[in-house]
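S.K.: Could you work out the structure for the sequence below:
(one chain, ligands or ions: 1)
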Amino acid sequence: MSVSITLEEKILEAIIKTSNNNITITDQHGNILYSNPEHWTVYGIEPTDLTGQSVYTLQDEGILSPSISAMVIKEKKEVQVMQHTITGKVIMSTAYPVFNETGELIRVISYAQDQTEILNLHQQYDQLKEKVKGYQTEVKNLRQKNGISYRSKAIQQVFETINRVANSDATVLFLGESGVGKSMFAQTLHSLSPRETEPFIEVNCSTIPEHLFESEMFGYESGSFTGASKHGKQGLIQQADNGTLFLDEIGELPLNIQVKLLRVIQEKKFIPVGGKKEIHINFRLVVATNQNLENMVQKGTFRSDLYYRLNVIPLQIPSLRERKEDIALLMNHYLQIMNTKYQASKRLHSKTFDYLVQYSWPGNVRELENLIERLVLTSEESIITPSSLPQAIRGQLSSTEEKSSYLLEKLFQDKRNLKEILEETEKFILLKAYEECKSTYQIAKMLGISQPSVVRKLKKYK
Ligand SMILES: Nc1ncnc2c1ncn2[C@@H]1O[C@H](COP(=O)(O)OP(=O)(O)OP(=O)(O)O)[C@@H](O)[C@H]1O
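M.R.: Numbers count the residues shown, from 1 in each chain. Alright, predicted model coming up:
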């Protein structure tokens, strides 16, 4: 039966040619009427016009395995199959029968969608998901193992980076204020690394007197200087052989030692003080500082070549006030530790809790740890009230709520009249909003008044 090509079919042909899918239309005998030559490449054939070719022949030649159009001709209903082509692609093919008015099958329309990329992406996504799950479990185990408490995203990211770089020998530079946990993370890095069973040697560069630095770091041969042990002494660097050398407060390293350290890092060998023989060494270097090394480089107090050697993986540990969400967790963590240590069962009053969460913690986690220990030891009540807190904390903070009730009480005691009390209260609220908001528009929005009245009132009270 011959079929004349109508205008609709011409439109159809154009759609097929411009479609991103491989659309093929065959007649009821499996002869290809339309298809886009470009799309046949996924089946391993050059872009050719296959019009007139039989899908049965293509099936016999192994190009279509199986031919979905042939299946529809046989079954006279929609069919969907996954095809693996000789080019290694995975194709999702769907074909539909088209019947005429008398119910005779006259056309088969098939679509083939290349799923290879999607499947690959799915596979990669699953692999990534597994990896992340692995990291999370490792981080959780480690956190429990090392008693590390955190909830903040920032510390989670630090952990994840530590996990990723632990296997390498890359130098890690921990940056952050004193007491944020730099040493603790350095230790964690070591315990995650293949050097875990080897020594972790921690050197606080600020505690070694300058004249002893060289002999402490590199060791010395017997009798090399007055006061030296007659048997000589192994240096800290050598003690870290095969393990990790952690140089805390690296910014305190004297300039002459900086040159020597750079040489050891580059050459992996050194000569002890008064010695002649070179000692080969293998250690992973981890350093930490609360100083701005870049500024020190500019001022000439830290060597730029050493700085670049150390700044391979810089990891900034944020201060506690920059991650307030960790404070409550850390307080509970240390409360538990100290209660166990001193066989106590102290708890924090909710007001005490509020004070401590708002406090700026200049000494970071170390300060928090020490304070909780002190509170557990010194407070007489089982519930620690704000009165047990050091004046420095109470004075610095005073919650808004307390400030306002104090203000009201004072105004009342001063026997001010209602108008004055209301004015003082308005002033307090306005100035508080001024502290918290970035603009007068924001203040107006927060307080539900117009922006011009905010400006007017601020002028009055400031
Ligand atoms: N997330 C945390 N969970 C539990 N304890 C922590 C956490 N962070 C820090 N600590 C504890 O706080 C104290 C101070 O940490 P650490 O000595 O590592 O700080 P640091 O940044 O190296 O300080 P410094 O610069 O003064 O050497 C340690 O007792 C450490 O165990």
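S.K.: okay, CA-based contacts and neighbour counts for the rest of this
M.R.: Noted.
S.K.: element containing Tyr34, please.
M.R.: Assigned by DSSP states H and E, Tyr34 falls within strand 32-35.
S.K.: Taking the centroid of the chain, which residue is nearest it?
M.R.: The centre of the chain sits closest to Gln157, judged by C-alpha atoms, centre = their mean, with a distance of 2.7 Å.
S.K.: coming back round to it: quick one: strands adjacent to the strand holding Tyr34?
M.R.: strand 22-27 (antiparallel) (DSSP bridges).
S.K.: got the residues of this protein near the ligand?
M.R.: Within reach of the ligand by C-alpha under 6 Å from any ligand atom, the chain has these residues: 147-150, 178-184, 290, 365-366.
S.K.: doesn't Leu377 fall inside a helix?
M.R.: Yes: assessed by DSSP: H, G, I helix; E, B strand; the rest coil, Leu377 belongs to a helix.
S.K.: And the spatially closest residue to it that is not a sequence neighbour, how far from the ligand?
M.R.: Nearest residue to Leu377, sequence neighbours excluded (C-alpha to C-alpha, 6 or more residues apart in numbering): Tyr342, at 7.5 Å. Going from Tyr342 to the ligand by C-alpha to the nearest ligand atom, to the nearest Å gives 17 Å.
S.K.: and the gap between Tyr342 and Glu380?
M.R.: As for Tyr342, its distance to Glu380 is 13 Å (criterion: C-alpha to C-alpha, to the nearest Å).
S.K.: Asn21 too?
M.R.: Applying C-alpha to C-alpha, the value for Asn21 to Glu380 is 78 Å.
S.K.: Next: Ala288.
M.R.: Distance, Ala288 to Glu380, using C-alpha to C-alpha: 39 Å.
S.K.: Could you check which of these two has the larger neighbour count?
M.R.: Set side by side, Ala288 and Glu380 show more neighbours around Ala288, with 25 against 11, by other C-alpha atoms under 10 Å.
S.K.: low-confidence ranges in this protein?
M.R.: Applying pLDDT under 70 to the chain flags residues 1-5, 139-146, 222-232, 396-415.
S.K.: before we move on, back to that, for ChimeraX, what selects the buried ones among the residues of the chain next to the ligand?
M.R.: In ChimeraX, a selection of the buried entries from these looks like this (16 or more other C-alpha atoms under 10 Å):
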select :148,149,150,178,179,180,181,182,183,290,365
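S.K.: State the pair within the residues of the chain next to the ligand that is farthest apart.
M.R.: Maximum pairwise distance among the residues of the chain next to the ligand (C-alpha to C-alpha): 23.0 Å, between Gly147 and Asn290.
S.K.: Now do the helices in the stretch 1-150 of the chain.
M.R.: Per DSSP state H, counting those that start in this stretch, the stretch 1-150 of the chain carries helices over the ranges 7-18, 55-60, 68-75, 116-146.
S.K.: Tell me what the nearest residue to Phe200 once chain neighbours are set aside is bridged to.
M.R.: Distances taken as C-alpha to C-alpha, 6+ apart place Thr244 nearest to Phe200, at 4.9 Å, with adjacent residues excluded. Listed by DSSP bridges, the beta-bridge partners for Thr244 are Phe200, Arg284.
S.K.: Pull the number of nearby residues for Thr244.
M.R.: 28.
S.K.: How about Trp361?
M.R.: Neighbour count for Trp361, taken as other C-alpha under 10 Å: 19.
S.K.: if we can go back for a sec, and the residue nearest to Phe200, how far is that from Thr440?
M.R.: 54 Å.
S.K.: what's the closest non-adjacent residue to Glu38?
M.R.: Pro47 (4.7 Å).
S.K.: Check the spacing between that neighbour and Leu64 real quick.
M.R.: Going from Pro47 to Leu64 by C-alpha to C-alpha gives 15 Å.
S.K.: ok, those two, which is more surrounded?
M.R.: Using other C-alpha under 10 Å as the criterion, Pro47 and Leu64 rank with Leu64 on top: 20 against 13.
S.K.: what sits against that one?
M.R.: Counting by C-alpha atoms under 8 Å, 6 or more residues apart in numbering, Leu64 touches 43, 55, 58, 85.
S.K.: Contact partners for the nearest residue to the last one once chain neighbours are set aside?
M.R.: Computed as C-alpha to C-alpha, 6+ apart, the closest residue to Thr85 that is not its neighbour in sequence is Tyr43, at 5.5 Å. In this structure, Tyr43 makes contact with 63-64, 85-87, judged by C-alpha under 8 Å, 6+ apart.
S.K.: taking these one by one, which sit in strands?
M.R.: Within the contacts of Tyr43, no residue falls in strands by DSSP state E.
S.K.: and Glu373, what helix or strand is that in?
M.R.: With elements taken from DSSP H and E, the one containing Glu373 is helix 364-378.
S.K.: Touching the very next helix or strand once past that helix from outside, list them.
M.R.: For helix 364-378, the succeeding helix or strand toward the C-terminus, using DSSP H and E, is strand 383-384. When contacts are defined by C-alpha under 8 Å, 6+ apart, strand 383-384 is touched by residues 346-349, 352, 375.
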